[in-house]
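J.: Predicted model and sequence below, questions to follow.
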Amino acid sequence: MKGLIVLSNQMEDVEALGTRALLRRAGLDVIGITFEQSLDITTAFGLHIRADHFGKEVSKDDYDFIVIPGGRYVALTIDRDVEIQKLAKYFNQRHKLVAAICAGPRFLGRAGLLDGKSYTAFTGSEIDMPKGHYQPLHKAVRDQNIITARGAGAVYEFAYEIVRYLLGEDKAKQLLDNILY
C-alpha cells in the first residue's frame, strides 16, 4: 500500500516526519508531495527537507491514503487553500483513507468531510468543523475512513490508527512493539 503526505513550509516537524517514519517502519510506502512553489521545504522548527513531487505531478489513483499534518502553515493557507481540500475530497469520495493531525483537520472541516463525524484536532481548530462531533480528550479518532489526531503528542496513536486501518490490528501492535511504545 502506498500513500501521500502533504509537506508544506512551516508544517509541524514531528507530525509530518514522525508520522511518515512510523508508517514507513510499518511497511507502508509514503510519498511526500507539496503544493508550494519549490520542492524544498522548511519545517516549523527549521529543518530543510525535500518533497518527492509536486502535488499536481502525481496520479492520485495510484495511492491508497493521504496524510495531512498540521503546523503554522495551516493558519497561513487555510483561507486560500483549494488544493489540500480538493485532494482530501478526492480520496474521501473514493472511500480511501484520509488522515489529518493537529490543525490539519481544519482542511477536512472546510471541505465538509467532518460533518456528522467524530474527530479530534488541535484546540481551537474545531471552529472549522461546526457540524462534526469534537472529541477533545481523545488523542486519535477514527470515524469510517477518516482518522484525526490532536497534535504532535499524539503522533504514535495517529500512526497506530492509520496502520490498523490499512494493515490490521496485528501490524499496528507490531509497530508499537518494535518501537518499545
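T.: Looks like it came in fine. These figures come from a predicted structure and were not determined experimentally.

J.: where along the chain do the strands fall?
T.: Using DSSP state E, the strands assigned to the chain run over residues 2-6, 29-34, 40-42, 48-50, 53-54, 65-68, 97-101, 118-119, 133-134, 140-143, 146-149.

J.: From the chain's centre, how far out is the helix or strand of the chain with the lowest mean pLDDT? Work that out for me.
T.: Ranking every helix and strand in the chain by mean pLDDT, DSSP states H and E puts helix 72-77 at the bottom, with a mean of 94. Once both centres are worked out by C-alpha atoms, centre = their mean, to the nearest Å, helix 72-77 turns out to sit 14 Å from its chain's centre.

J.: do stretch 81-99 as well
T.: Relative to its chain's centre, stretch 81-99 lies at 11 Å (C-alpha atoms, centre = their mean).

J.: ends of it, how far apart?
T.: 17 Å (C-alpha to C-alpha, to the nearest Å).

J.: now stretch 130-143
T.: For stretch 130-143, the separation between the terminal residues is 16 Å (C-alpha to C-alpha).

J.: buried stuff in it?
T.: Within stretch 130-143, the residues that count as buried by 16 or more other C-beta atoms under 10 Å are 132, 134-135, 138-143. Glycine gets a C-beta too; all of them are placed from N, C-alpha and C.

J.: Which pair of these spans the longest distance?
T.: Maximum pairwise distance among the buried residues of stretch 130-143 (C-beta to C-beta): 16.9 Å, between G132 and K139.
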